[in-house]
Every structure is written in C-alpha cells, then in structure tokens.
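*Asks:* my questions concern the predicted model and sequence given below.
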Amino acid sequence: MRPGLYADDSITRRVNRENVLLLGGGRALLMQLAHPKVAAGVDEHSDFRTHPMRRLRRTIRMTMAIVFGDRETALAAARAVNQTHGRVRGHDYRALDPDLLLWVHATLVDSALVTYDTFVRALSAGERNDFFQESKVLGELLGIPLDRFPGTYDDFVDYVDGMVSGGALRVGPLALDLARQVVRPRLRLVPGPAMVPFEIVTAGLLPQSLREQYGLGWGRRQQHLFRFLVKALPRLIAVTPPIIRVWPLPGHNVTLAGSVSLTA
C-alpha cells in the first residue's frame with residue numbers, strides 16, 4: 001500500500017471514514033450557499049438546479065481521494081478541482097478567491113466535526129485541534145494560502161461564528177431557491193416525504209440564525225424527531241459492522257479510478 005498525505009491512524013482518516021458524515025452534507029451545502037458569491041457561482045457554473053446532489057457527490061469524491069488516496073491520487077484529485085475552479089468566475093466573484101475557498105473549506109471541516117460529535121462520539125479539544133490543523137493540508141492543495149487559515153481550532157471557531165453572525169453571510173432569494181434543491185432534492189425512485197428526516201437533521205445541525213434565515217421548520221415535532229435521532233443513531237452506529245459503517249475500510253487506499261469524475 002503506497003503512502004498517502006495522511007496516516008491511516010490520523011484523526012482526519014478516523015473522522016472522514018464514517019459514512020454517517022453524509023448526514024452533514026446538507027448543512028455544509030446550506031452554509032456555503034449562504035455566502036452570496038458562492039451561491040452565484042454554484043448557480044451560474046454548475047448543474048445544481050437539475051442535479052443538486054452531484055455537487056455533494058463530487059465534494060465527497062474529492063475529499064476521499066485526497067484523504068484516503070495515495071499521494072499521486074491525492075495530488076491528481078486536487079489538480080482536477082483547481083482546474084475546474086479556474087474556469088469559474090462571474091461579475092464580482094471568482095472561485096479561486098482565497099476568501100471564498102476558505103469559507104467553503106471551513107463549512108466542510110466544521111460540518112464534519114459537528115456531525116461526528118452528534119452521531120458518533122464527542123471529540124476532545126485536542127482531537128478537534130488536530131483535525132483542524134490536518135485540514136490545512138487539504139486546504140493548501142486547493143489553493144488556500146497557509147497564512148489565511150486561523151491559527152488554532154479556537155480561532156477557527158471564532159472565524160466560523162464571525163462569518164455566521166457578522167454579516168458576510170446573507171440568505172437571499174437565490175440561496176433560498178437553491179436550498180430547496182438541497183433539503184428536498186428530486187431523486188428518482190425516492191418519494192419526497194422520504195427526505196423529511198434528512199431535512200430535519202440538516203435543520204438541527206445548522207446554526208440557529210441560518211436555520212431561521214432559510215425558514216426551515218423547527219417546531220415541536222421536528223425537535224422531537226431530531227432529539228430521537230441524536231440518541232438512537234450513535235447507539236446504532238456503535239454496533240454496526242465496519243463493512244457497513246465506514247468507507248474505505250481501514251488500510252485500503254482510494255484509487256484514482258474513484259476520483260476521475262470529480263469535474264463531471
């Protein structure tokens with residue numbers, strides 16, 4: 001097995017191999033779309049409206065290739081993403097803007113930690129800081145200068161909180177329109193009501209102010225179901241065999257074949 005950018009026992013691999021992190025995908029997407037420039041780029045340069053889950057799948061493939069692939073696979077995946085981003089620009093934005101890249105990266109890091117804490121187990125302060133520090137490797141590969149990252153995990157939390165409460169994020173009409181494709185995507189063979197639990201999980205994981213801006217329902221029924229899932233899922237995950245619970249299995253690299261469609 002060829003070495004990758006991360007050791008198999010790194011906190012990055014231990015967290016990201018949990019399949020339950022998929023439940024945090026909606027949160028990350030809505031946090032990204034709350035930035036008007038990100039929302040504009042997604043709307044104008046992707047097939048998000050017709051295939052909203054493709055963006056999430058591409059992000060997952062990219063992350064898996066960089067985190068679990070060997071060094072060659074990780075670097076090839078990063079090059080593919082950077083080439084695509086290089087073509088994305090609009091009236092007042094460009095995808096390679098370090099500030100936009102940092103925000104998108106932050107939503108993925110923060111959502112991974114929040115989802116892991118909620119549905120797997122609570123991480124220690126040291127583990128959180130290690131996960132954040134290791135995330136800089138991935139972020140640098142995707143064009144974020146090292147000096148743009150917050151220094152510590154506590155600084156990172158302040159950065160995310162500041163973005164959410166400081167006015168940089170604004171859920172406008174475009175974000176609201178795109179959000180409907182996130183929480184209730186049109187999937188073949190999947191009836192709309194089947195996505196209700198995903199919508200409730202997304203609402204429950206979101207910062208309160210963004211949940212309110214998106215107008216996501218958060219009444220007694222939604223809160224009750226969310227609390228039930230928070231109690232039940234960790235117990236279920238704890239007894240789930242690794243072949244179902246995690247991907248890839250420990251000790252297995254992701255091959256390039258799994259990441260060649262990153263830009264599709």
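*Replies:* Received the coordinates, thanks.

*Asks:* doesn't Asp8 lie inside a strand?
*Replies:* No - according to DSSP: H, G, I helix; E, B strand; the rest coil, the state of Asp8 is coil, so it is not within a strand.

*Asks:* and for Leu155, the neighbour number?
*Replies:* Residue 155: Asp, not Leu. Asp155 has 11 neighbours, counted by other Cβ atoms under 10 Å. Using the backbone N, CA and C atoms, a C-beta is placed for each residue, glycine as well.

*Asks:* ok, it to Val246 distance?
*Replies:* With distances taken as Cβ to Cβ, to the nearest Å, Asp155 is found 30 Å from Val246.

*Asks:* Asn16 too?
*Replies:* Per Cβ to Cβ, Asn16 is found 9 Å from Val246.

*Asks:* can you pull out the low-pLDDT segments for the stretch 151-264 of the chain?
*Replies:* For the stretch 151-264 of the chain, the stretches with pLDDT under 70 are 186-195, 249-264.

*Asks:* give me the most central residue, this protein.
*Replies:* For the chain, Leu108 is the residue whose C-alpha lies nearest the centre (Cα atoms, centre = their mean; 3.4 Å).

*Asks:* show me what whichever strand or helix holds it is packed against.
*Replies:* Per DSSP states H and E: Leu108 is located in helix 98-119. Other elements packing on helix 98-119 under the criterion 3 or more Cβ pairs under 8 Å, 6 or more residues apart in numbering; DSSP states H and E are helix 11-16, helix 25-33, helix 36-44, helix 125-141, helix 153-165, helix 196-205, helix 220-238.

*Asks:* what comes up buried for it?
*Replies:* Applying a neighbour-count criterion of 16 or more other Cβ atoms under 10 Å, one finds 100-116, 118-119 buried in helix 98-119.

*Asks:* now the angle between helix 36-44 and that helix, please.
*Replies:* Angle, helix 98-119 to helix 36-44, by axes from the mean of the first three to the mean of the last three Cα atoms, to 10 degrees: 90 degrees.

*Asks:* tell me the angle helix 98-119 makes with helix 196-205.
*Replies:* Angle of helix 98-119 versus helix 196-205, following the same axes, to 10 degrees, is 110 degrees.

*Asks:* what about helix 98-119, average pLDDT?
*Replies:* For helix 98-119, the mean per-residue pLDDT is 97.

*Asks:* please export the C-alpha coordinates of it as PDB.
*Replies:* Provided in PDB are the C-alpha atoms of helix 98-119 (Å, rounded to 0.1, in the frame of the first residue of the first chain):
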ATOM      1  CA  PRO A  98      -8.800  32.600  -1.200                       C
ATOM      2  CA  ASP A  99     -11.600  34.100   1.000                       C
ATOM      3  CA  LEU A 100     -14.300  32.100  -0.800                       C
ATOM      4  CA  LEU A 101     -12.100  28.900  -0.800                       C
ATOM      5  CA  LEU A 102     -11.500  29.300   2.900                       C
ATOM      6  CA  TRP A 103     -15.200  29.600   3.600                       C
ATOM      7  CA  VAL A 104     -16.200  26.500   1.600                       C
ATOM      8  CA  HIS A 105     -13.300  24.600   3.200                       C
ATOM      9  CA  ALA A 106     -14.500  25.800   6.700                       C
ATOM     10  CA  THR A 107     -18.000  24.600   6.100                       C
ATOM     11  CA  LEU A 108     -16.700  21.100   5.300                       C
ATOM     12  CA  VAL A 109     -14.400  21.000   8.300                       C
ATOM     13  CA  ASP A 110     -17.000  22.400  10.700                       C
ATOM     14  CA  SER A 111     -19.700  20.200   9.400                       C
ATOM     15  CA  ALA A 112     -17.600  17.100   9.700                       C
ATOM     16  CA  LEU A 113     -16.800  17.800  13.300                       C
ATOM     17  CA  VAL A 114     -20.400  18.700  14.200                       C
ATOM     18  CA  THR A 115     -21.800  15.600  12.600                       C
ATOM     19  CA  TYR A 116     -19.200  13.300  14.100                       C
ATOM     20  CA  ASP A 117     -19.800  14.800  17.600                       C
ATOM     21  CA  THR A 118     -23.500  14.400  17.200                       C
ATOM     22  CA  PHE A 119     -23.800  10.900  15.800                       C
END
